[in-house]
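A.B. asks: 3D, please:
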Amino acid sequence: MELNGLRVSRETQERLQHFSALFQKWAKTINLVAPSTLDDLWNRHIADSSQVFQIHPKPVIWADLGSGGGFPGVITAIFLAELKDGWVHLVESNHKKAAFLRTALRETNARGSVHSSRIEDAHAEIGECGAISARALADLDRLLEYSAPWMLGEKDCRGFFHKGRDYLREIDKARGRWEFDLLEHSSAVEQESVILEISNLRRLV
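C.D. replies: Just a heads-up that it's a prediction; the model follows:
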């Protein structure tokens, strides 16, 4: 099996398939993603989320903010299971979604845990980490504010944020309050979309 042109092991494939089945089951009773995207779950959500680990395939500690239906946090945790190292802290304040995430991590033997708390309180629970992810959560300026407790003064901590076609406007706005190093990774799934890799974050105001 390949995702985004890269080979995926049979073990990871089976975990992703099991997650997909769980997701479809739970999505009938709680709102995990927009219903209009359920028919394209693999491409729209699983392949898209896989890009985060494929860009940064290292056994680091992740904080996944606003984990929702598990994208990209659970997908990253499934890939880390193959490395037998690294961890994903999934932050989701909605208790129903948090229950789904715990079930998904347990049944796929993925390397992660769930924090059913507000993002603003998560740093005190999680502590230091090497990477942060978020998808469809907030504009870049707000994401950097959320990420600041982990990233300010930590040159090795990187943020990976999915962004749509309006990402240049979001970068311009964020540059008004922050300085940062930026890499733009073109999406292999969505034309005109990117994954922004941000490091060396500094606050201007």
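A.B. asks: Shouldn't Cys129 be within a helix?
C.D. replies: No: Cys129 sits outside any helix when classified using DSSP: H, G, I helix; E, B strand; the rest coil, being coil.
A.B. asks: Next one: it relative to Leu105, how far apart?
C.D. replies: The gap separating Cys129 from Leu105 is 17 Å, by CB to CB, to the nearest Å. Heads up, the C-betas are built off the backbone N, CA and C, glycines and all.
A.B. asks: likewise Ser187?
C.D. replies: Distance, Ser187 to Leu105, by CB to CB: 25 Å.
A.B. asks: out of those two, which sits in the more crowded spot?
C.D. replies: Leu105 (23 against 17; other CB atoms under 10 Å).
A.B. asks: Disregarding flanking residues, what is the spatial nearest neighbour of that one?
C.D. replies: Leaving aside its sequence neighbours, Leu105 sits nearest to Gly112 (CB to CB, 6 or more residues apart in numbering; 5.0 Å).
A.B. asks: Give me the phi and psi for the one you found.
C.D. replies: Main-chain dihedrals, Gly112, degrees, to the nearest 10: phi -170, psi 170.
A.B. asks: and it, what does it touch?
C.D. replies: Residues in contact with Gly112 (CB atoms under 8 Å, 6 or more residues apart in numbering) are 64, 73-74, 76-77, 80, 87-90, 105.
A.B. asks: Going along the chain, name the helices of the protein.
C.D. replies: Assigned by DSSP state H, the chain shows helices spanning 10-26, 41, 48-55, 73-83, 95-108, 119-126, 140-151, 167-174.
A.B. asks: Show the model's pLDDT score for Leu32.
C.D. replies: Leu32 carries a pLDDT score of 83 in this model.
A.B. asks: What's the separation between it and Leu137?
C.D. replies: Per CB to CB, Leu32 is found 14 Å from Leu137.
A.B. asks: out of these two, which sits in the busier spot?
C.D. replies: Neighbour count, other CB under 10 Å: between Leu32 and Leu137, Leu32 has more, with 23 against 17.
A.B. asks: show me the residues around the residue lying closest to the more buried one once chain neighbours are set aside that make contact.
C.D. replies: Computed as CB to CB, 6+ apart, the closest residue to Leu32 that is not its neighbour in sequence is Gly69, at 3.4 Å. Going by CB under 8 Å, 6+ apart, Gly69 touches 23, 27, 32-33, 45, 97, 100.
A.B. asks: For those residues, could you give me JSON lines that also reports distance to Asp39?
C.D. replies: Shown next, in JSON lines, are these (distance: CB to CB, whole Å):
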{"residue": "Phe23", "distance to Asp39": "13"}
{"residue": "Ala27", "distance to Asp39": "11"}
{"residue": "Leu32", "distance to Asp39": "14"}
{"residue": "Val33", "distance to Asp39": "11"}
{"residue": "His45", "distance to Asp39": "11"}
{"residue": "Lys97", "distance to Asp39": "21"}
{"residue": "Phe100", "distance to Asp39": "19"}
